[in-house]
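*Asks:* just a sequence and a predicted model for now, questions to come.
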Amino acid sequence: MHLTREAMHTYLVERGLMALAPEYGPAGENGCRLYFKDGGSCWLHKTTEAFKNKACEFYRIDRAARKADDRALLGGREMLPLWLHAKMILMPCKMRTSVLIDSDGHYGDVNLFFSTGEFALRRKRYY
């Protein structure tokens with residue numbers, strides 16, 4: 001599935017991305033679920049990392065350079081927040097402990113500028 005600029009605009013700007021979480025699809029395929037501030041969600045056949053790369057493309061951010069700068073500022077940490085713009089900072093957090101394949105993602109991201117109370121109540125618990 002190819003994410004167009006229009007689709008990214010809808011996900012990031014119009015609906016307001018609140019969180020993205022790794023989740024298996026109906027046939028066990030790897031993907032991610034996007035949660036929005038309007039209370040809705042959608043499943044994409046993309047990993048969380050692939051979606052974040054597309055978000056960086058949308059905002060015209062060089063993700064590798066941004067990671068290097070952030071590592072220098074924050075003391076070389078591995079799990080770095082992703083600053084997309086002033087009102088969207090995606091903070092990584094562990095969302096599942098059991099995976100089908102070792103290479104499947106454990107970490108999702110929560111936008112620090114949205115309340116996470118409702119998200120935590122609705123989120124499936126994998127552990």
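*Replies:* Ah, there it is. Residues are numbered from 1 along each chain as shown.
*Asks:* now the helices for the protein?
*Replies:* Here the chain has its helices, by DSSP state H, at 5-9, 48-58, 63-74, 117-122.
*Asks:* how about F114, nearest residue that isn't a chain neighbour?
*Replies:* In this structure, F114 finds its nearest non-sequential neighbour in M18, 4.4 Å apart by CB to CB, 6 or more residues apart in numbering. For every residue, glycine as well, the C-beta is placed using N, CA and C.
*Asks:* how many neighbours does that neighbour have?
*Replies:* 23 (other CB atoms under 10 Å).
*Asks:* wait, isn't it in contact with D38?
*Replies:* No. Using CB atoms under 8 Å, M18 is not in contact with D38; the gap is 9.0 Å.
*Asks:* any stretches of this protein with poor pLDDT?
*Replies:* 1, 102-103, 115-127 (pLDDT under 70).
*Asks:* can you show me the strands along it?
*Replies:* Per DSSP state E, the chain carries strands over the ranges 17-24, 30-36, 41-44, 82-85, 88-94, 107-111.
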